[in-house]
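In: requesting a structural model of the entry that follows:
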Amino acid sequence: NKHLPEDMQFKIYMPGCDEFEGHKLEQLRINPFQPAAVKGAKVDMIARCENLVALLNASLPTSDILPVLVDETVYSLYLGLYKKDFLTGRPVEQPKIYPTLEEMTKMAEYVLSQKHYEAKVKDNLMACLQTRFQYLTRGTRGQLLNVDFSTDYSQIFDRPTIINISNISAAKDKALIMSI
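Out: Numbers count the residues shown, from 1 in each chain. As a prediction, the model looks like this:
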């Protein structure tokens, strides 16, 4: 690999691993709120929002009202940052900033504060949401997903790339990461 021209060399990412066979590895970063797009391409933020909600609800155990609250939390996060551009539903220029998973917990608190549930119900729902969202910010998952910006997608898609997720132990975490 090292004898090939730089643009032909395989780029290797292994979340949870700093080096492989004596070679330092660049860390992969994936902000789940950031659409995968090459520089300059327009992005559909409402589609990204809907896809992210579907991925979160599929990969985090939820029932009853929680999937709806996850949806409202993610939607509110996007709406708060992107306002009119988000509501148009049309592709827009790539934003300069994206939310993080930590911000999602704060938004969940706000969303629940606007509901007229009994205090005990609100507390229980918030505990459920916090547990699920904070799960995504810990360990290798957090290092990979709780970031301000994703790795430049041209580094991933414009050259031969291997993403080895063998250090991600849970199958549902692997499925989430591969889906994002």
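
In: what's the first helix or strand after the top helix by length along the chain?
Out: In the chain, assigned by DSSP state H, the helix with the most residues is helix 66-88. Later in the chain than helix 66-88, the nearest helix or strand by DSSP states H and E is helix 101-113.

In: and Val43, what are its phi and psi?
Out: With angles defined as degrees, to the nearest 10, Val43 sits at phi -130, psi 150.

In: burial measure for it, as a count.
Out: 16 (other CB atoms under 10 Å). To be clear about C-beta, it is placed using only N, CA and C from the backbone, and glycine gets the same treatment.

In: now it. Nearest residue, chain neighbours left out?
Out: Leaving out its chain neighbours, the residue that sits closest to Val43 by CB to CB, 6 or more residues apart in numbering is Pro35, at 4.2 Å.

In: give the other helices and strands that the longest helix of the chain contacts.
Out: In terms of contacts (3 or more CB pairs under 8 Å, 6 or more residues apart in numbering; DSSP states H and E), helix 66-88 is packed against helix 45-59, helix 101-113, helix 119-135.

In: the residue nearest to Val43 touches Cys49, doesn't it?
Out: No: contact between Pro35 and Cys49 fails when scored by CB atoms under 8 Å: they sit 9.7 Å apart.

In: for the residue positioned nearest the centre of the chain, give its distance to His23.
Out: The centroid of the chain falls nearest to Pro32 when counting by CA atoms, centre = their mean (1.6 Å). From Pro32 across to His23, the span is 28 Å (CB to CB, to the nearest Å).

In: please apply the same query to Asn1.
Out: As judged by CB to CB, Asn1 and His23 stand 9 Å apart.

In: same thing with Leu52?
Out: Distance of Leu52 to His23, given as CB to CB: 33 Å.

In: these two: which is more packed in?
Out: The residue with more neighbours, out of Leu52 and His23 and counting by other CB under 10 Å, is Leu52; that gives 24 against 9.

In: how near is that one to Asp71?
Out: Distance from Leu52 to Asp71, by CB to CB: 10 Å.

In: cool, Leu4 as well?
Out: Taking CB to CB as the criterion, Leu4 is separated from Asp71 by 46 Å.

In: pick out whichever of these two has more residues nearby.
Out: Asp71 (18 against 10).

In: the more buried one contacts Val53, doesn't it?
Out: Yes: if you go by CB under 8 Å, Asp71 and Val53 touch, sitting 4.7 Å apart.
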